[in-house]
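> Compute the structure for the input listed below.
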Amino acid sequence: MRVLIYVSVASGLFFFRKENQYGLKRQYLKISNLFLIGFIIVHFQIYLDYVLGAYQGLGVDLMINDRLVPKASLISALALVMYYIGYLMASYYKAGVKHIEVKQISAVVYSSRGLLVLMVALLSLFMLTADWNYFRGNYGDVSVGTLADYAQQYLLLAMIGYVVLFVKNERIKGNVYKNMLSYTSKLGSTFLLISGVYLVLVLVSGDRGPILQFGVTYLGGYVLVAKRKMRLVVVLAGLFIGATAISLLGFVREIGNGADFWKKVEVAYSLRAESRIQSSISPSTLELAGSVRTMHAAVDYSENYGHTNGLFQLFQVLSIVPGVGTIAKALTGMENTDFKSSAFLTRHILGSNPDRGLGTTVVADIFLDFGIIGVVVIFCLFAWFVRYLEVNVFSARLFRISTLALFFIFLSQAIYIGRSTILVLFKDALLLYLIVMIGIFINSFLGYKKVEVSNR
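Presented below is the predicted three-dimensional model:
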């Protein structure tokens, strides 16, 4: 109870502070806000359910051992407070800066046709190689296929890359959009058609992540090209609707084979209404909150066997460069379960032959490797990086593709960072940057040349 009070007070002081950066004032759709919402849900919702007497009604053991809870909650609270401290330190490091000026007075506009060609190729590959049983609500039960899986991963990144290039070009041209309809129309019918087909296929499969990731990317692009402040009520409403839909799709996945997708949705809606999760303070986010079990597992493992001394972070750094992770596994003879905290903690909880993955949390991942000192240092640095990225995007006149790639990856996945890892996002950002560069390279074969625009 005391930990929850400390977290509430610290969070209240942080969220109600006075913002000193003009570009971030009253801007609620930003990385830090989404990250903190997801982080608090993952690491503290179950504890709040317990305090309010709802935990017993959930019918599932997420604690592993009650003895672990006080230590795990204190470590999570420490990580949160260090994030607040790091973010505030970065905020006041250059408090007098009101606008980031761009040194260069000219910039280059690139055609997006190359990315469209790449998207068509990837969508075609995805549809031709996928197991179509997958698209009957069987995500998690039926494998889509290795080649199809890679195709859809790169297709989603190409879709995000298209928004990145669009935002960069429109800011250079000086175009400002007054409403979301004009922004959507300007994205182009080909892009909307490709994106729509892919997202429908994802929806009927029962997958949730790509829909949420692209949705946040779409809104983030609008905020930047419209130079609008996304109101708090809009962000909260969007999160509520998204969380409810994601929770419903989770029930769809539990129904199993034998029915078409929409029949599964109908049954899932009834099951959700009758489910034990309704006793939770927030049923829609309970699946996300359930990841706290792996935080308890991390504490249990460290108490019995010590820390892993940077193994998981090292592998994530190596895997940023494509192929290096595979080489590392071949040289060491170690399995994937030895390199990823998610698989490692799942095995610690469920044994050597788990029937499902339990994921990880961002705190558990770091604590396993480096202990308390690592949590203190890394969360402070991570907050500094997030603040730097936000300021350099929301307060800039022009953008670099590399900066936008980092921004949109962290923004689009911010709500899930709490139950993921930090370094894996840098790998995604690098892949996104490379895909945009490939799209620009394809332009040369299509006869589309870059156009230099003066910004004097």
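> Which positions within stretch 168-182 qualify as buried?
By neighbour count on 16 or more other Cβ atoms under 10 Å, the buried set for stretch 168-182 is 168-172, 177. C-beta here means a position set from N, CA and C on the backbone, and glycine is covered the same way.
> Would you map the strands across the protein?
In the chain, the segments counted as strands under DSSP state E are 106-109, 451-454.
> Worst mean pLDDT among these?
Of all the strands of the chain, the minimum mean pLDDT falls on strand 451-454 (a mean of 67).
> what sits against Y198?
Under the criterion of Cβ atoms under 8 Å, 6 or more residues apart in numbering, the neighbours of Y198 are 123, 126, 152, 155-156, 159, 210.
> Swap in 10 Å and give it another go.
Residues counted as contacts of Y198 (Cβ atoms under 10 Å, 6 or more residues apart in numbering) are 119, 122-123, 126-127, 152, 155-156, 158-159, 210-211, 214.
> Sort out for me which of those are in helices.
119, 122-123, 126-127, 152, 155-156, 158-159, 210-211, 214 (DSSP state H).
> Go through these and name the one nearest I41.
Nearest to I41 among the ones in helices among the contacts of Y198, counting by Cβ to Cβ, is I211 at 18.4 Å.
> could you measure the closest one against V436, distance?
From I211 across to V436, the span is 22 Å (Cβ to Cβ, to the nearest Å).
> Which one's more surrounded, these two?
V436 (27 against 19; other Cβ atoms under 10 Å).
> Now that one: closest residue in space that isn't a chain neighbour?
G161 (4.2 Å; Cβ to Cβ, 6 or more residues apart in numbering).
> Ok, L52 next?
Nearest to L52 is I281, by Cβ to Cβ, 6+ apart, at 6.1 Å.
> hang on, that neighbour packs against L4?
No: I281 is not in contact with L4 according to Cβ atoms under 10 Å; the separation is 11.7 Å.
> if I look at these two, which residues touch both of them?
With Cβ under 10 Å, 6+ apart as the test, I281 and L4 both reach 48, 51.
> which residues does F441 contact?
Counting by Cβ under 10 Å, 6+ apart, F441 has contacts 114, 118.
> one more time with 7 Å, if that's ok
Neighbouring residues of F441 by Cβ atoms under 7 Å, 6 or more residues apart in numbering: G114.
> mind listing what the nearest residue to F394 once chain neighbours are set aside touches?
Of all residues not flanking F394 in the chain, G23 sits nearest, at 3.7 Å (Cβ to Cβ, 6+ apart). Neighbouring residues of G23 by Cβ under 7 Å, 6+ apart: 391, 394-395.
> List just the nearest of the ones in helices among the contacts of Y198 to L432.
Out of the ones in helices among the contacts of Y198, the member with the shortest distance to L432 (by Cβ to Cβ) is A158, at 8.7 Å.
> just the helices in the stretch 51-200 of the chain please.
Applying DSSP state H, counting those that start in this stretch to the stretch 51-200 of the chain gives helices spanning 69-91, 113-129, 146-173, 180-187, 189-205.
> And these: which comes nearest F367?
helix 69-91 (5.9 Å).
> How far away from the center of its chain is that closest one?
Centroid separation for helix 69-91 versus its chain: 20 Å, with Cα atoms, centre = their mean, to the nearest Å.
> I'd like the mean pLDDT over it, please.
95.
> Check which residues of that helix are buried.
The neighbour-count check on helix 69-91 (16+ other Cβ under 10 Å) flags 69, 72-73, 75-88, 90-91 as buried.
> again, but for stretch 354-364
Buried residues in stretch 354-364, counting neighbours by 16+ other Cβ under 10 Å, are found at 358-364.
> coming back round to it: so which of the contacts of G23 wins on neighbours?
Going by other Cβ under 10 Å, F394 tops the contacts of G23 with 21 neighbours.
> Verify the stated contact: that one with Q27.
Yes: under the criterion of Cβ atoms under 7 Å, F394 makes contact with Q27 at 6.1 Å.
> Now do V7: how many residues are near it, please.
The number of residues packed near V7 is 20, by other Cβ under 10 Å.
> Could you list which residues are in contact with it?
44, 77, 80.
> what ranges do the helices span in the stretch 301-450 of the chain?
311-319, 324-332, 336-339, 341-350, 362-394, 401-412, 414-417, 423-446.
> Worst mean pLDDT among those helices?
helix 336-339 (a mean of 63).
> any idea how far the one residue sitting closest to the centre of the chain lies from T217?
Nearest to the geometric centre of the chain sits Q413, at 1.4 Å (Cα atoms, centre = their mean). The gap separating Q413 from T217 is 10 Å, by Cβ to Cβ.
> what do you get for F39?
When F39 is compared with T217 (using Cβ to Cβ), they lie 20 Å apart.
> burial of M1, as a residue count?
Around M1 there are 9 residues (other Cβ under 10 Å).
> residue contacts, it?
Applying Cβ under 7 Å, 6+ apart, the residues near M1 are V51.
> quick one: average pLDDT of stretch 235-253?
pLDDT averaged over stretch 235-253 gives 64.
> Make TSV from the ones in helices among the contacts of Y198 and add distance to R419 and pLDDT to it.
Listed next are these as TSV, based on distance: Cβ to Cβ, whole Å; pLDDT from 0 to 100:
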residue	distance to R419	pLDDT
M119	29	97
L122	27	97
L123	29	97
F126	26	96
M127	30	95
Q152	21	95
L155	24	97
L156	19	97
A158	26	97
M159	23	98
P210	17	91
I211	17	89
F214	19	95
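> Now flag whichever of these is closest to A330.
Using Cβ to Cβ, Q152 is the member of the ones in helices among the contacts of Y198 that lies nearest A330, at 26.4 Å.
> That closest one contacts M127, doesn't it?
No: the pair Q152 / M127 is not scored as a contact, 9.6 Å apart, by Cβ under 7 Å.
> Which one's more surrounded, the two?
Q152 (25 against 16).
> Give me the distance between the more buried one and R208.
On the measure of Cβ to Cβ, Q152 and R208 end up 14 Å apart.
> and L147, what does it touch?
T129.
> Distance of it relative to L203?
With distances taken as Cβ to Cβ, L147 is found 21 Å from L203.
> With M127 instead?
Distance from M127 to L203, by Cβ to Cβ: 15 Å.
> can you check S143 too?
Applying Cβ to Cβ to S143 and L203 gives a distance of 18 Å.
> These two: which has the busier surroundings?
Shown here are S143 and L203; by other Cβ under 10 Å, L203 has more neighbours (20 against 14).
> Just confirm that one contacts P210, I think it does.
No: judged on Cβ under 7 Å, L203 makes no contact with P210 at a distance of 9.2 Å.
> if I look at the two, which residues touch both of them?
Contacts common to L203 and P210, judged by Cβ under 7 Å, 6+ apart, are absent.
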